[in-house]
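In: Kindly generate the corresponding structure for this input.
(chains A, B, C and D)
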Number of protein chains: 2
Amino acid sequence: MTLDADRLEADAPAPAPESQRARMGRAPVTTHGELSHLALGLFLERGFDKTTVDDIVRAAGIGRRTFFRYFASKNDLPWGDFDRLLDEMRAHLAAMPDDIPLMDALREAVVDFNRFPDEELTFHRERMWLLLNVPSLVAHSTLRYASWRQVIAEYVARRLGVGIDSLTPQAIAWSCLGLCLAAYEQWLAHDDADLLELLDASFRRLAAAYSSAA
Amino acid sequence: MTLDADRLEADAPAPAPESQRARMGRAPVTTHGELSHLALGLFLERGFDKTTVDDIVRAAGIGRRTFFRYFASKNDLPWGDFDRLLDEMRAHLAAMPDDIPLMDALREAVVDFNRFPDEELTFHRERMWLLLNVPSLVAHSTLRYASWRQVIAEYVARRLGVGIDSLTPQAIAWSCLGLCLAAYEQWLAHDDADLLELLDASFRRLAAAYSSAA
DNA sequence: GATACTAATGACACCGAGTGCCGATTGGAA
DNA sequence: TTCCAATCGGCACTCGGTGTCATTAGTATC
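Out: Numbers count the residues shown, from 1 in each chain, chains lettered A, B, ... in the order given. A predicted model of the protein is given here:
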């Protein structure tokens, strides 16, 4: 669930050389990341709902129609290149040894996945604050989480030797998502909180609830 | 998560006597439930996105502006009187003895909560199919689920003697929601499936995953 | 340098959801 | 009959999002 722009969108301020610049046709006027950054700033400044798409395109100096070629919707702006992140998590899980208990593997993968440099912390926090507090974004996020869940379900299905669409992998994936979101909520609610500890705790608390006779 | 119109919206076809009819001012031309039923029919027939609000108000014979006084958004149409349902679940949980293990109590409450007459099964299935398959509704549902989660969190917080906003109740509530949704997805995907068994299984599978050393 | 090709841009018109405003209805109560 | 209260519904407007299409700006070829 780590969503840091600088880690995700390799492209910085400038229109960017984009790896090897050797394409044909007109060059893009901006980048995904640049727009995302710009919009995020406006959202935090004026609020998400009070910032119109027209405000954004005016600030970016691009046409309204062009904007919707970079992002499918205004709701997608706070998300970075999420798909790339998912690939990373998939690889991370695939690299884990099969002899550790399933839920431990998931917990460790999720925790480790959310480890990121201190300097990105503030930015990440702002981004996640929006995603978890603006109703429109909260709702939209669900659609993005679906692919996140699939990565978990994929791994669980392989470990258990069952179909990815069967109950157990899906139930565990859903539950993991919930545990992460609960941890994120706590993290956002408490300035001094440590995200990694919260994620770890979230998984362990549920385990405790299941095993406890209380 | 049971959402049956006939169980929820006491009002049937007619404008309804509405408990004690003794209000002042002009009488309402329709009801929440009537509109919900009508719209649900159109959604299943033509699809959610291809059914405009104008289609609905035309079919209902009311003004467009009036529609938005009954429902805050088109997305709210498939939901019944959800708040009343939540009250029922809250009461159900409150009535459970405190000596049964926490997760067992939650599982039983959730399962029992989704018990409903066979004749409502088809209707409930259609309704839930929309809520879990139409992207716009999937996204919007998240906002409704928040209050469902709070009911769970409330109970867990009381049982554990901690604050409702602290990590454990919220994590468990999130997880429960996930387990329910996973069960619902299976139920919708398999014609012959039994919802109650799936809900029960969903909870037990996660428990197994936590305790298993595999 | 001229030409062809390609890909991105942005203007315009249009649609549908949702809102603010306000006068018009319709019921019960005085 | 008059007054009041609550609902109705029309209208205009905002905003997100889409389809269409001519334009622009790069690369490659001759």
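In: so where do the helices sit in chain A?
Out: Taking DSSP state H as the criterion, chain A contains helices spanning A:5-8, A:32-46, A:53-60, A:64-70, A:82-94, A:102-113, A:121-133, A:135-160, A:167-189, A:195-211.
In: What's the local residue count around residue A:47?
Out: 11 (other Cβ atoms under 10 Å in any protein chain shown). (C-beta placed from N, C-alpha, C; glycine too.)
In: My error: substitute residue A:65 in the last question.
Out: Residue A:65 sits with 8 neighbouring residues when counted by other Cβ under 10 Å.
In: for the one 3 residues further on, same thing?
Out: Residue A:68: 13 surrounding residues under other Cβ under 10 Å.
In: DNA strand C versus that one, what's the distance?
Out: Remark: distance between residue A:68 and DNA strand C (Cβ to the nearest atom of the strand, to the nearest Å) = 9 Å.
In: Now do the residue nearest to residue A:168 when sequence neighbours are not counted, the pLDDT please.
Out: Leaving out its chain neighbours, the residue that sits closest to residue A:168 by Cβ to Cβ, 6 or more residues apart in numbering or on different chains is residue B:205, at 4.5 Å. Residue B:205 carries a pLDDT value of 97.
In: re the thing from before, identify, out of the helices of chain A, the most deeply packed stretch.
Out: The highest mean neighbour count among those, using mean count of other Cβ atoms under 10 Å in any protein chain shown, belongs to helix A:167-189: a mean of 25.
In: what helices or strands is it leaning on?
Out: helix A:102-113, helix A:121-133, helix A:135-160, helix A:195-211, helix B:167-189, helix B:195-211 (3 or more Cβ pairs under 8 Å, 6 or more residues apart in numbering or on different chains; DSSP states H and E).
In: Okay, now the unreliable bits of chain A?
Out: Judged against pLDDT under 70, the low-scoring parts of chain A cover residues A:1-22, A:213-214.
In: any idea how far the residue in chain A that DNA strand C sits nearest to is from residue B:140?
Out: Distances between chain A and DNA strand C by Cβ to the nearest atom of the strand are smallest at residue A:25, namely 1.8 Å. If you measure residue A:25 against residue B:140 using Cβ to Cβ, to the nearest Å, the figure is 39 Å.
In: what do you get for residue A:119?
Out: Counting by Cβ to Cβ, the gap from residue A:119 to residue B:140 is 36 Å.
In: Flag every residue of chain A that's near DNA strand C.
Out: A:23-30, A:61-66, A:69-70 (Cβ under 7 Å from any atom of the strand).
In: of those residues, closest to DNA strand D?
Out: Taking Cβ to the nearest atom of the strand as the measure, DNA strand D lies nearest residue A:26 of the residues of chain A next to DNA strand C, at 3.6 Å.
In: check contacts around that closest one.
Out: For residue A:26, no contacting residues are found, by Cβ atoms under 8 Å, 6 or more residues apart in numbering or on different chains.
In: May I have the phi/psi pair for it?
Out: When read as degrees, to the nearest 10, the backbone of residue A:26 gives phi -60, psi 140.
In: can you list the residues of chain A near DNA strand D?
Out: Contacts of chain A with DNA strand D, taken as Cβ under 7 Å from any atom of the strand, map to A:21-27, A:51-54, A:64-65, A:68, A:72-75.
In: how about 10 Å then?
Out: Contacts of chain A with DNA strand D, taken as Cβ under 10 Å from any atom of the strand, map to A:15, A:21-29, A:48-57, A:63-69, A:71-77, A:136, A:140.
In: so which of the helices of chain A comes closest to residue B:108?
Out: Evaluated with Cβ to Cβ, those place helix A:195-211 nearest to residue B:108, the distance being 14.4 Å.
In: chain center to the closest one: distance?
Out: Helix A:195-211 sits 20 Å away from the centroid of its parent chain (Cα atoms, centre = their mean, to the nearest Å).
In: before we move on, what about stretch A:93-112?
Out: Relative to the mean C-alpha coordinate of its chain, stretch A:93-112 is positioned 19 Å out (Cα atoms, centre = their mean).
In: Likewise for stretch A:71-82?
Out: In terms of Cα atoms, centre = their mean, the centre of stretch A:71-82 is set 11 Å apart from its chain centre.
In: Tell me which residues of it come out buried.
Out: Taking 16 or more other Cβ atoms under 10 Å in any protein chain shown as the basis for neighbour counts, the residues of stretch A:71-82 that come out buried are A:71, A:74, A:75, A:76, A:77, A:78, A:79, A:80, A:81, A:82.
In: circling back: looking at the residues of chain A next to DNA strand C, spot the one nearest residue A:168.
Out: residue A:70 (38.8 Å).
In: correct me, but the closest one touches residue A:29?
Out: No - between residue A:70 and residue A:29 no contact is recorded; they are 9.8 Å apart, counting by Cβ atoms under 8 Å.
In: Most proximal residue of chain A with respect to DNA strand D?
Out: Closest to DNA strand D within chain A is residue A:73: 3.1 Å, counting by Cβ to the nearest atom of the strand.
In: quick one, what contacts the residue nearest to that residue when sequence neighbours are not counted?
Out: Setting aside the residues directly before and after it, residue A:73 is nearest to residue A:140 in space (Cβ to Cβ, 6+ apart), at 7.3 Å. The contact partners of residue A:140, by Cβ under 8 Å, 6+ apart, come to A:73, A:75, A:76, B:139.
In: before we move on, what about residue A:169?
Out: Neighbouring residues of residue A:169 by Cβ under 8 Å, 6+ apart: A:152, A:153, A:154, A:156, A:157, A:160, A:162, A:163.
In: Now for the residues you listed: which two are most distant?
Out: A:152 and A:163 (14.6 Å).
In: tell me the contacts of the closest residue to residue A:203 other than its chain neighbours?
Out: What sits nearest to residue A:203 in space, not counting adjacent residues and going by Cβ to Cβ, 6+ apart, is residue A:107, at 4.1 Å. Shown here is residue A:107, whose contacts under the criterion Cβ under 8 Å, 6+ apart are A:199, A:200, A:203, A:204.
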